[in-house]
Each structure stands twice: as C-alpha cells, then as structure tokens.
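J.: sequence below, structure please.
(one chain, ligands or ions: 1)
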Amino acid sequence: MKTADFAIKNGECVLPSPHEPNGFVRERTSIAVRSGRIVAIGAQAHIGAEDVFDASGLVVMPGAIDSQVHFREPGLTHKEDLESGTRGAVLGGITAVFEMPNTKPSTTTAAMFEQKLSRARGRVWSDISFFIGAAPENIEELQYLERHPNCCGVKVFMGSSTGSLLVEDEAALFKILQKGRNRVAVHSEDERRLRERRKLVEGTNDPRLHPFWRDEETAMLSTQRLIRVARAAGRPVHVLHVSTAEEMAFLKTVKDIATVETLPQHLTLSAPECYERLGTLAQMNPPIRDKRHQQALWRAVNDGTVDVLGSDHAPHTLEEKAKRFPDTPSGMTGVQTILPLMLHHVNAGRLSLERLTELICRNPARLYRAVGKGAIRVGYDADFTVVDMKQEKTISNSWIASRVGWTPFDGMKVRGWPKATIIRGNVVMREDQLIGRPKGEPVLFRAGTHE
Ligand code: DOR
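T.: Take a look at the predicted model:
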C-alpha cells in the first residue's frame, strides 16, 4: 500500500529537540511526505513511499528562507525578475524568499501587491512572499495592506537606498509603527546625515570612502531613534542588515522590542580589502566595514543578539557598477550564495549548524509568522535544504543565475554545498540542476501579534 508520495531516507536530519524548546537534535532518520506535507518522521517512515530520495551522507535541514531579497520586477527587470531571482534561490538551496518593495513602481498599494502575486504565478521556482513598502502617501492604509495572508510585512526605509521609498521624519515613522500589529522590517540609516556627508565623497570616484560617507554614526543615530519610536508606539521591529559593533551592543539590550538581521557579506568581506579588490562591486548599504565591526557581528551571531541571516540580494548590472563612485548603485547579488557561504563558516567553526538552522530556517518563519515553514515537523510543509558538509566547490560567476551574472564571491573556494532543494515534496534542484518547471507558491502568514 502506498503510504507516502515522497520520502527522504538515511539523511542526518536537523529536527526540533524534544527536550529543549528552542534546541535542535541531529538524527539519522527518514521523513515521509504526502500531498506536500510531512506526515511521518522515523526510521521506517520511507517504507512504501512512491519516490524515495536517498540522503545517505547528507544533512537534511528545514527549507532555508531568505527573508530579504530584491528581485526588481516590475520595472527593473534588466537587473532581475521573479523567475531568474527564484531560480538563483533554489540553485543555492533556498526554498522560500521574502521580496522587498523597492521595485518600479514600488509595492505600496493593494493593486501593486496583487500584481506581484499574479506575476509570480507559474513563474517562481521557490515559494515567495512580498513586503509592502511604507511611504508618506500610504500610511493610513498600511494596517489593512499588511493583513493580506500572503504579505510578510511592512518595510520602512529610514535612509534612502535604491528606489524612492523613504520615511525620513520621526512623526511619520511613529504613525506607521502605531498602526498595525506585525513586526516591521526597517532599513536603518539616518537620512539627514547621509545627505550632509555625501559632499565629502562627491567627485572622488573612490569606493573605499563608502563606509566613511555612510559611517557608523549614520547607522547608530537612526537605530537609536527607531527603537525610541518603536517603544513609544509599542510595535516590534526587525532591524535589517545591522553592520556596526555599536548597534549590536545597543540592540543586545533591547531584544524585547527589536529583532536583528545580519548578512553573510558583512560576516565574510571587510574593508579596506574588499573595496581595493572589488571596487564598487563591494558597495552596498549599509556598507561593509572594517574587521572590528566584523568581529562584533560574529560575536552577536553567537551570543543570541542576531535572530536572522538574510542575503539582501540586490543586483545591479556591471555597466551600472562601472559609473563613478558615488553615483554607482549600492547592492550585490546574494540569494544564491548565502547558504554555501554560511556552510563554509560552519565548517570553519564560526557557528554551529544548529545555530545556522535557527538563523536561516526557523527564525525567519517565526518572526514573520509564516505557516508551516521553518522546521521539520509532522504537519509542516515538506521543504528541505539537503547539504553536503564535505563537498568543496568554487563559487563562480558562471554558476550565478541572476540576470546581472556576477557575485562578489567569484573565485572563492568553499566547503559545504547545497545538494538538493525540496519544496512541498518536489525536488526542484539536485546536483546543481533544476528539475521540472517552476512550482513556487505564495507563503501564507498567520495574523496576530508577534512573538
Ligand atoms: O545596498 C543596497 N541595495 N541596500 C539596500 O537596502 C537596497 C539595495 C537595492 O535595492 O539595491
């Protein structure tokens, strides 16, 4: 008798611990799947399944979620689109992405949000959700917009980056945070200081000055203001891509109201070396800074200050990057490299695989209240990121699916590689090859106040 449509056998599975509420155990076991959901976990679970994936020698993580990507559709599809962006995701072992609103036009209305959902239908390789952008003209409607069951949340740009979304003044920020219930994701840089300091780098054509223009104080001023306003409004916030030692020390003390994201770029590259080697390809906002900051970010990853790792996948073409700094756009690809880079860091002993599972699988699902994602549990979606911790590979531009065709990590040798991406029981990538056609679906979110 057929017990399951699909099963994984013999993998070393990263499962929720039965003893510690937030812990994990690694167990060699099998997982059975029916109609896209996990129906059994246990040594015999694969027996009788129609299709069995042999994961001997491999680690089976819950599906990895990249909760910060910019896929540029509509309006900027010469850089990326939903198909190419999600293709990169699954080639890199990512099963779901949360996409940012700074497209053209920005995702600030119900109509634009619905348009993104309909553009995604039948064209996305991974599961997907979209943020709503906060703008001065949609503040009144945000609380209704964020209630869409496929919306991961509201995104606020306190400092301007790519696109026109900006919430600069404190009164507007307070109004946004006061209305609505879900955790708000924030790009935190002080716009006034950014504007004042731009003249210091104007005409220099020297990308090494990027972290000097957008300095530590620019980030800290904004993050302190954000937390003050979040407290006054009683609204939890998620501080995206935190890049400084000072912010991490501060954020460690305000965990009751703020969760924290950091990026593999900031954990892997450092100034001045990255700017000398990569020029404007290393330019992103907030900037990659020196080793002192990088070490503080690593401490924050391991002491519990950081909740989530995202990629901030933000493609720009090589032609655009060839302009004169600071007229060059900020951002780099990342959705395809986040997992290999972090597996490499696990192998180098910088964090544990269990901690990585928390940061890239469980916490993104938890913070945004995604339904059935983030853990290998009976009843949850059968999303798995299957990795070989021993495989060595060199990341190369030719492997990158993004329309812009480059990664700042071209030529980097890593140990640890995604071997298969499985979404709701469908193997969509195996051995670096795509399988079948795009079957991604919108992620579903639970309403209510946040954890
Ligand atoms: O470097 C960046 N690029 N940081 C952002 O926050 C936006 C992004 C983009 O969309 O290009």
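
J.: spatially nearest residue to the residue in the stretch 201-350 of the chain that the ligand sits nearest to, not counting backbone neighbours?
T.: Using CB to the nearest ligand atom, Gly331 is the residue of the stretch 201-350 of the chain that sits closest to the ligand, at 3.1 Å. Backbone N, C-alpha and C define where each C-beta goes, glycine included. Leaving aside its chain neighbours, Gly331 sits nearest to Ala314 (2.7 Å; criterion: CB to CB, 6 or more residues apart in numbering).

J.: for that neighbour, what are its contacts?
T.: Taking CB atoms under 8 Å, 6 or more residues apart in numbering, we find Ala314 in contact with His70, Thr162, Met284, Ser330, Gly331, Met332, Thr333, Gly334.

J.: tell me the phi and psi of Ser161?
T.: Backbone torsions of Ser161, given as degrees, to the nearest 10, read phi -130, psi -140.

J.: ok, so of the contacts of Ala314, who is nearest Val346?
T.: Nearest to Val346 among those is Gly334, at 17.6 Å by CB to CB.

J.: on the three-state scheme, the closest one is what?
T.: Gly334 falls in the coil class when you classify it by DSSP: H, G, I helix; E, B strand; the rest coil.

J.: burial count for it?
T.: Per other CB atoms under 10 Å, the neighbour tally for Gly334 reads 28.

J.: which pLDDT value goes with it?
T.: The model reports Gly334 with a pLDDT of 98.

J.: quick one: contacts for it?
T.: Neighbour list for Gly334: Asp66, Val69, Leu263, Pro264, Gln265, Ser311, Asp312, His313, Ala314, Thr407 [criterion: CB under 8 Å, 6+ apart].

J.: for it, which non-adjacent residue is spatially closest?
T.: Residue nearest to Gly334 in three dimensions, not counting chain neighbours: Ser311, with 3.3 Å by CB to CB, 6+ apart.

J.: what's the neighbour count on the one you found?
T.: 30.

J.: pull the CA atoms of the host helix or strand of Glu320 into PDB?
T.: Using DSSP states H and E, Glu320 falls within helix 318-321. Provided in PDB are the C-alpha atoms of helix 318-321 (Å, rounded to 0.1, in the frame of the first residue of the first chain):
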ATOM      1  CA  LEU A 318      28.200  45.600 -14.300                       C
ATOM      2  CA  GLU A 319      27.600  48.700 -16.500                       C
ATOM      3  CA  GLU A 320      25.800  50.400 -13.700                       C
ATOM      4  CA  LYS A 321      28.600  49.500 -11.300                       C
END
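
J.: in the worst-scoring helix or strand of the chain on mean pLDDT, which residues are buried?
T.: With mean pLDDT, DSSP states H and E as the measure, the helix or strand of the chain carrying the lowest mean pLDDT is helix 142-145 (a mean of 90). Neighbour counts using 16 or more other CB atoms under 10 Å place Leu142, Leu145 of helix 142-145 among the buried residues.

J.: and what of stretch 206-225?
T.: Buried-residue list, stretch 206-225, by 16+ other CB under 10 Å: 207-211, 213-216, 218-224.

J.: on contacts alone, who are the packing partners of the least confident helix or strand of the chain?
T.: When contacts are defined as 3 or more CB pairs under 8 Å, 6 or more residues apart in numbering; DSSP states H and E, helix 142-145 sits against helix 110-120, strand 151-157.

J.: enumerate the residues of the stretch 201-350 of the chain near the ligand.
T.: Counting by CB under 6 Å from any ligand atom, the residues of the stretch 201-350 of the chain close to the ligand are Met284, Asn285, Asp312, Ala314, Ser330, Gly331.

J.: by neighbours, which of those residues wins?
T.: Highest neighbour count within those, by other CB under 10 Å: Asp312, with 29 neighbours.
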